[in-house]
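**Q** from the sequence below, what's the structure:
(one chain, ligands or ions: 1)
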Amino acid sequence: MLRSTTKTALSSVARQSTRSASTYGALHDFGTHHVNKGVGRLVPGIMEKGEGSYVTYEDGRKMLDFTCGIGVTNLGHCHPKVSKAAAEQCMKIVHSQNSISFHRPYLELIERLLPTMPDPSLDSFFFWNSGSEAVEGALKMARLMTGRKGFICMQGAYHGRTYGAMAVTKSKTIYSEGTGPLMPMVYTAPYPYFHQLGLSPDSTPEEHTRAALHQLQLLFKQQIRPDSVAAIIIEPLLGEGGYVPAPTSYLKALRELCDKHGILLIVDEVQSGFARTGKWWCIEHSGVRPDIMTFAKGLANGFPLSGIVSRKELTDKLKPGCMGGTYAGNAVSCAAAIAVCDAVKEEKILENVDVRSKQLFAALESLRSDPEVGKYLLDVRGQGLMAAIEFARPPQDIDIDLATEGVEGCPSNFAARVGKKCIEKGMLILTTSIYEVLRIIPALNVSEADMAKGCEIITQAVKEVAKEG
Ligand SMILES: Cc1ncc(COP(=O)(O)O)c(C=O)c1O
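**A** Below is the predicted model of the structure:
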């Protein structure tokens, strides 16, 4: 029984919170009141429709989307073939629980994915819903497969916000602040990114590799012996940590170290996978073989679906029942993912990524050589259509960061202000990391005209922020 004072307090909250939500403005306020902080707050409004590279808000605003819902709607919003496949599957079977029986889309999706694998040894799949769940599964599998407990993750890494994933996430303190103790036996090595190694932005990938490997060797000598490490987990292109591609030499060296010490290499392709970087999988750029690979986001173009793939010889070590989940590998999401695989091939998406990437990087490089604003651009980087501009940080923020030493008068919050201006000019765009990084993640089938429009908005936004100082 509720005490009457509590009852009165609750009903007054209920009265406040059930205020009319029927009009656009009121419904938006209702959301602000009833939804956790941090949700729906970047661009005020209610998103109603998505078509290709554009989204429309209920108040009629149409925005060019260079976020793709954080790298998800790779084929554009509501791709007709994907939506059709999902709708048809809805009328056949929606939920066929994965422990009970196979369903056809689950198996046909594996048929589609097998030929895309970065190495033919990757032949045993498990589908889940979110990227974090795939990472949880990969960590759990690695301990079970090796009988070891240790993990090495990368400084700046993002792998998700569930407990295991949070323990190997090192991009911002907010993701795990106040929630510990986290999973133990996690050790952090620097990513081959100049900031983390005290190197200048002009340093070469070979210098990054050498410095990062040196730190890893120290970690093996001073923190955990390699024969206690179950797995090293890495994003081949650091995502939330700043959109930084790992040099091939570093990834190859990791593979060699893993082979030497019996450590599993977990490659997290949740953000970088599924054609985003111009190959099916980003790790293909290096030719390195993962032992376990995780993927999600672009896989089903917005339907919740993630996957873990490994070698059958390894997954056969897992006891039945240790991997599972009520909604894991949903039939509608799998049907959508099959349509994505087909569309990537039929619509020559990899070819489009290649040409649009060249167009994008040409525009970003011309911004870098612009006499007025070039001095604020510390780096332009990425692969395919996973690209970023890093701006120099203002001198007062430099602290221990050698990268912007000597840079004078760089305005504060540059990236966030550029992002805000882009939004005002009708384009959705995101920043990322603790540095001044603007990330550019358009649809992989973006047209030449929309890419040109997006580049022009970014260019104008950078110029205006530079002028305002
Ligand atoms: C590399 C990487 N791994 C894992 C995740 C977590 O995925 P999810 O948000 O679907 O749980 C993300 C999300 O951004 C990611 O970028």
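**Q** who touches stretch 90-100?
**A** Identification of contacts with stretch 90-100 by Cβ atoms under 8 Å, 6 or more residues apart in numbering yields 102-103, 106, 127, 321, 324-332. Yep, even glycine has a C-beta here, placed from its N, CA and C like the rest.
**Q** before we move on, what about stretch 304-314?
**A** Against stretch 304-314 from outside (Cβ under 8 Å, 6+ apart): 113, 117, 121-131, 133-134, 137-138, 141, 145, 264, 270, 291-296, 299, 327, 329-330, 333-334, 336-337.
**Q** now the buried members of those residues.
**A** 113, 117, 121-131, 133-134, 137-138, 141, 145, 264, 270, 291-296, 299, 329-330, 333-334, 336-337 (16 or more other Cβ atoms under 10 Å).
**Q** near the ligand, which residues of this structure?
**A** For the chain, the contact set with the ligand under Cβ under 6 Å from any ligand atom comprises 70, 130-132, 135, 158-160, 235, 239-240, 268, 270-271, 296.
**Q** of these, just the buried ones, ChimeraX syntax please.
**A** Here is the ChimeraX selection string for the buried members of the residues of the chain next to the ligand, based on 16+ other Cβ under 10 Å:
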select :130,131,132,135,158,159,160,235,239,240,268,270,271,296
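**Q** please identify which of the residues of the chain next to the ligand is nearest to the ligand.
**A** Distance ranking of these against the ligand, using Cβ to the nearest ligand atom, places Gly131 first at 2.2 Å.
**Q** so that closest one sits against Lys297, correct?
**A** Yes: assessed by Cβ atoms under 8 Å, Gly131 is found in contact with Lys297 at 6.5 Å.
**Q** mutual contacts of those two, please.
**A** By Cβ under 8 Å, 6+ apart, the residues touching both Gly131 and Lys297 are 270-271.
**Q** Ile292: what's it in contact with?
**A** 138, 141-142, 231, 264-267, 308-310, 314.
**Q** pull out the buried members of these.
**A** Counted by 16+ other Cβ under 10 Å, the contacts of Ile292 give 138, 141-142, 231, 264-267, 308-310, 314 as buried.
**Q** middle-most residue in this protein, spatially?
**A** Nearest residue to the geometric centre of the chain (Cα atoms, centre = their mean): Gln271, 3.3 Å.
**Q** grab the nearest non-local neighbour of it.
**A** Distances taken as Cβ to Cβ, 6 or more residues apart in numbering place Gly239 nearest to Gln271, at 4.1 Å, with adjacent residues excluded.
**Q** for the one you found, give me its contacts.
**A** 71, 158, 270-272, 386, 432.
**Q** so how far is Tyr106 from the closest residue to Leu114 other than its chain neighbours?
**A** Leaving aside its sequence neighbours, Leu114 sits nearest to Asp123 (Cβ to Cβ, 6+ apart; 6.8 Å). Relative to Tyr106, Asp123 is positioned 15 Å away (Cβ to Cβ, to the nearest Å).
**Q** also Lys467?
**A** From Lys467 to Tyr106 the distance is 54 Å (Cβ to Cβ).
**Q** ok, these two, which is more surrounded?
**A** Tyr106 (22 against 10; other Cβ atoms under 10 Å).
**Q** give me the mean pLDDT for the one helix or strand that one maps to.
**A** For Tyr106, the element it lies in under DSSP states H and E is helix 104-113. The pLDDT scores in helix 104-113 average 98.
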